[in-house]
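Peer 1: Provided below for reference: sequence and predicted model.
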Amino acid sequence: MREKKQSAKTAVKSRKKSGVKLTEHGKVYVSATFNNTLITITNSTGDTISWGSAGAAGFKGTRKSTPYAATIAVEKAVKKAVEKGLKTVDVFVKGPGSGRDSALRAVRSGGLSISLISDVTPIPHNGPRPKKKRRI
């Protein structure tokens, strides 16, 4: 007679990262592209406290690129961060999108005081090689 092999399946549970130290001072990174606005709020060491985007806020298609969508996304992320004890932030804005200014206003109105605003948009110093000269 054959014996049945019993496979010992172990359930792997995903664990949340619980080692995030919460401080009163943090950083807000706003990435404003032409199609979306992404927000990440971190503590002073760079560990993510909360995040949001216009797409995660429920906007689809061209409405994601509007300043209103950026405002709603930032307000949701700021609300989570304030509940965890964040009070003052440094804001780093990146990109040419339309949600740049409205994101700053939403951070301010969400209950966080801004101590620094910095534009970290990457700018090429030389750029790619130009096209060869046209010959007629």
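Peer 2: Thanks, I have it. Keep in mind it's a predicted model, so treat the numbers as computed, not measured.

Peer 1: Please make it C-alpha for all contacts and neighbour counts, starting now.
Peer 2: Noted.

Peer 1: list the helices and strands the helix ranked longest in the chain packs on?
Peer 2: Selection of the longest helix in the chain by residue count, based on DSSP state H, yields helix 67-83. If you count contacts as 3 or more C-alpha pairs under 8 Å, 6 or more residues apart in numbering; DSSP states H and E, helix 67-83 packs onto strand 37-43, strand 48-53, helix 100-109.

Peer 1: Need the residues that contact the longest one.
Peer 2: Put plainly, it is helix 100-109. Identification of contacts with helix 100-109 by C-alpha atoms under 8 Å, 6 or more residues apart in numbering yields 30, 32, 67-68, 70-72, 74-75, 78, 91, 93, 113-114.

Peer 1: which one of those sits closest to Ala54?
Peer 2: Of all the contacts of helix 100-109, Ala54 sits closest to Ala70, with 5.6 Å by C-alpha to C-alpha.

Peer 1: what residues are up against that closest one?
Peer 2: By C-alpha under 8 Å, 6+ apart, the contact set of Ala70 is 36-37, 53-54, 64, 99, 102-103.

Peer 1: re earlier: give me the buried entries from the contacts of helix 100-109.
Peer 2: 30, 32, 67-68, 70-72, 74-75, 78, 91, 93, 114 (16 or more other C-alpha atoms under 10 Å).

Peer 1: Could I get those in TSV, plus columns for pLDDT?
Peer 2: Putting the buried ones among the contacts of helix 100-109 into TSV (pLDDT from 0 to 100) gives the following:
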residue	pLDDT
Val30	95
Ala32	94
Pro67	93
Tyr68	94
Ala70	94
Thr71	94
Ile72	94
Val74	94
Glu75	93
Val78	93
Val91	95
Val93	96
Ile114	93
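
Peer 1: Start and end of stretch 78-91, how far apart?
Peer 2: End-to-end distance of stretch 78-91: 12 Å, with C-alpha to C-alpha, to the nearest Å as the criterion.

Peer 1: So which bits of that stretch are buried?
Peer 2: Neighbour-count burial for stretch 78-91, counted by 16+ other C-alpha under 10 Å, picks out 78-82, 86-91.

Peer 1: quick check, nearest of those residues to Lys131?
Peer 2: After measuring the buried residues of stretch 78-91 against Lys131 - C-alpha to C-alpha - the closest member comes out as Val91, at 37.7 Å.
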